Every structure is written in C-alpha cells, then in structure tokens.
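Visitor: sequence and predicted structure below; questions after.
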Amino acid sequence: MILADMVSLWNSSWPAGLTMLLLGLGFAIVLLIASVKLRVLQDERVEKVLAALPNINCGACGNTGCQEYAKAVIADPTLLGKCFPGGARTMAAVAEILNLQVSNSHAPKRPIVHCHAHTADRASIAVYAGIPTCTAANALVNVQACKFGCLGFGDCKAACKFGAINIIDGLTAINYEKCTGCTACSKACPRELIEMVPFNNPIMMTVTCRSRENVKNTKAFCKVGCIGCGLCAKQNDAFKVADNLAKLDYTKYQPGQSFEAAKNKCPTGVIVYRGKGA
C-alpha cells in the first residue's frame, strides 16, 4: 500500500519537477548570455594607472577616489598631474602608461600658511567662547582684531588625514615631512590663509601674512604683520606690494643673494622659510 502510494506520488510530481528544472536551466542560459552581451569592458589601463597612484583616496584631484581619477585621467589626459600627493613621480608613471610626454618643470604643490602671529602677537577684542572651530569663529564679527589672521582652532588639522598639521600657540604649523600636498587643509580654512604653492625647492621663501590693513591698523592689531613698506620689492622684483601687502611670485623663487637681502630687510620678520628642514 505504501509502495503504491509512493509510485503514485512520483508519477504525479515528476512532470512538474522536470518543468521547473528545465525552466531554471533556461533562465540560467539567458542570464549567462545577457552577462556576456551586456558587460562593459573596462580599459585595462585603469588598473595600471590605479597601481601607480598612492591609493589614499584623498580627493585632492577633484574625484571621489583614486579609481575615479584613474578613469578620468585616461578619458581626459589634461588631468595629468592633479594627483598632488603622488607628485612628479606619480605623474611620470601615469604619463608613461598613457604614452604622454610631460615637462620636467612640474613642481609639487605644498601648503603655506599666510600668518605668522602666535597668540601673544595678536590683539584681541573679546574672549571667544563659542563653538571651538575656525568656521564658527569666523562667522562672528571682530572675533579677533586682525580679520585676516589664523584663528587657531584647527579646522585644517581636523581635515588632514596624515597628521601633518599641529596648532602651536594658536597658529597652524605644517609638518612637511608628513605633508602629501592633498589640499585638504587649504580647503578647510575659512579665511583662505593656506595656499598651495609650487615647491621648486625643498625649502621655499614665503610672505607669512595676508592682512590688507593700513600700516596703522596692522601695527595695532599684530606684532608680526606685513606693513607693505616695499623694502623686499626693492631688493628683488619677484616681490610686489599691493593693498598694503607684499606678495611673492613663488614660481620665480630660487635661493640667491637678492632674495636673502629681501628677507633681511623685512622690518616685521614676515618673510620666512618653509619646507622640509626649515
């Protein structure tokens, strides 16, 4: 009786099981064909370029990560050199993969802080007791006497993934041994005090001030601010004075006597050296 029931069950169910098996096999074949027909072939150069990049996904190139940049630079070779952490070596490696010619004049960009005033050097209007970030403090009027100077709350430090920034006595300090040039610090500064500068030399001369106050206010607000006297410009034409502020054309800087004379003539000491070993 039991055997007869099992035979009957088998006879009634095997057609349905076979049908399901054939349907499953058919769907698998369709999906296999579709995956082959519809697949997007990736340029084999993407992996090669990706291997040449630092793969830190810092976003300095303007893309979300290194893989996106690898695809972008293959599609648009004018983006070559946008990987600031990788510098000239990475640019040369990517150029070789893409069979591109590059100039040897490309210099890696590194940040320079255009402020030289520590806490004791600045005149204060009131004690700030708000949210301890530069962005919050900068939203207030007259948070400190100099409206151009470093606020010292460390938004740049928080943005740096490489531990290359310290806040020393209220002033941002760059550790160039750790800095990759990713631009995160310059983007984080609400006062735009951190400029990405081409380092033609391991140590660069810079004007560490961005105040455009007149001489009277600068002296009242800061002990180490640029007063726009123009003595540096008289020593070397790479320096220009406009809006009460001396500026240096960093692309023209090369160590030399006239640059050293310009530094020594500065009455407030805002012309200093920055870089590895400075």
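Guide: That came through fine.

Visitor: residues contacting Thr78?
Guide: With contacts defined as C-beta atoms under 8 Å, 6 or more residues apart in numbering, Thr78 has no neighbours. In this view, the C-beta of every residue, glycine as well, is placed from N, C-alpha and C.

Visitor: who's in contact with stretch 79-90?
Guide: Under C-beta under 8 Å, 6+ apart, the answer for stretch 79-90 is 52-54, 56, 58, 60-62, 66, 69, 72-73, 91, 94-95, 98, 100, 102, 106-109, 180-183, 196.

Visitor: pull out the buried residues from the residues you listed.
Guide: 52-54, 56, 58, 60-61, 66, 69, 72-73, 91, 94-95, 108-109, 180-183, 196 (16 or more other C-beta atoms under 10 Å).

Visitor: tell me the helix or strand right after the one helix or strand Val94 maps to.
Guide: Assigned by DSSP states H and E, Val94 belongs to helix 87-97. For helix 87-97, the following helix or strand on the C-terminal side (DSSP H and E) is strand 109-113.

Visitor: from the chain's centre, how far out does that following strand sit?
Guide: Between the centre of strand 109-113 and the centre of its chain there are 10 Å (C-alpha atoms, centre = their mean, to the nearest Å).

Visitor: report the inter-axis angle for that strand versus helix 87-97.
Guide: Here strand 109-113 runs at an angle of 160 degrees relative to helix 87-97 (axes from the mean of the first three to the mean of the last three C-alpha atoms, to 10 degrees).

Visitor: how is this protein divided into domains?
Guide: 45-97, 109-275 (automatic domain parsing).

Visitor: neighbours of Lys263, how many?
Guide: Lys263 has 18 neighbouring residues, counting by other C-beta atoms under 10 Å.

Visitor: can you give me the pLDDT of it?
Guide: The score at Lys263 is 96. That number is its pLDDT.

Visitor: low-confidence ranges in the stretch 51-200 of the chain?
Guide: Residues of the stretch 51-200 of the chain meeting the criterion pLDDT under 70: 101-106.

Visitor: repeat the analysis, applying 80 as the threshold.
Guide: Applying pLDDT under 80 to the stretch 51-200 of the chain flags residues 77-78, 87-88, 100-107, 141-142.

Visitor: ranges for the strands of it?
Guide: Under the criterion DSSP state E, counting those that start in this stretch, the stretch 51-200 of the chain contains strands at 109-113, 165-168, 171-174, 194-198.

Visitor: tabulate the ones you listed (a markdown table), appending distance to Cys266.
Guide: Converted to a markdown table, the strands of the stretch 51-200 of the chain look like this (distance: least, C-beta to C-beta, whole Å):
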| stretch | distance to Cys266 |
| --- | --- |
| strand 109-113 | 16 |
| strand 165-168 | 22 |
| strand 171-174 | 18 |
| strand 194-198 | 18 |
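
Visitor: out of those strands, which is the most enclosed?
Guide: strand 109-113 (a mean of 23; mean count of other C-beta atoms under 10 Å).

Visitor: hey, C-alpha coordinates of that one in CSV?
Guide: The C-alpha trace of strand 109-113 is given here as CSV (Å, rounded to 0.1, in the frame of the first residue of the first chain):
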residue,chain,number,x,y,z
LYS,A,109,52.4,71.9,-4.5
ARG,A,110,52.6,72.1,-0.7
PRO,A,111,50.7,74.4,1.7
ILE,A,112,52.0,77.6,3.1
VAL,A,113,50.2,79.4,6.0
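
Visitor: strand partners (parallel or antiparallel) of that strand?
Guide: Strand pairing for strand 109-113, determined by DSSP bridges: strand 194-198 (antiparallel).

Visitor: give me the contacts around the strand it pairs with.
Guide: 84, 107-114, 156, 172, 181, 183, 185-186, 204, 206, 250-251.

Visitor: would you mind pulling the contact partners of stretch 218-229?
Guide: 116-117, 120-123, 145-146, 149, 207-209, 211, 213, 215, 241, 243-246, 267-270.

Visitor: for that stretch, which positions count as buried?
Guide: 218, 221-222, 224-229.

Visitor: need the max-distance pair from those.
Guide: Phe221 and Cys229 (16.4 Å; C-beta to C-beta).

Visitor: returning to what we had before: let me know the closest of the buried residues of stretch 218-229 to Val127.
Guide: Phe221 (16.6 Å).
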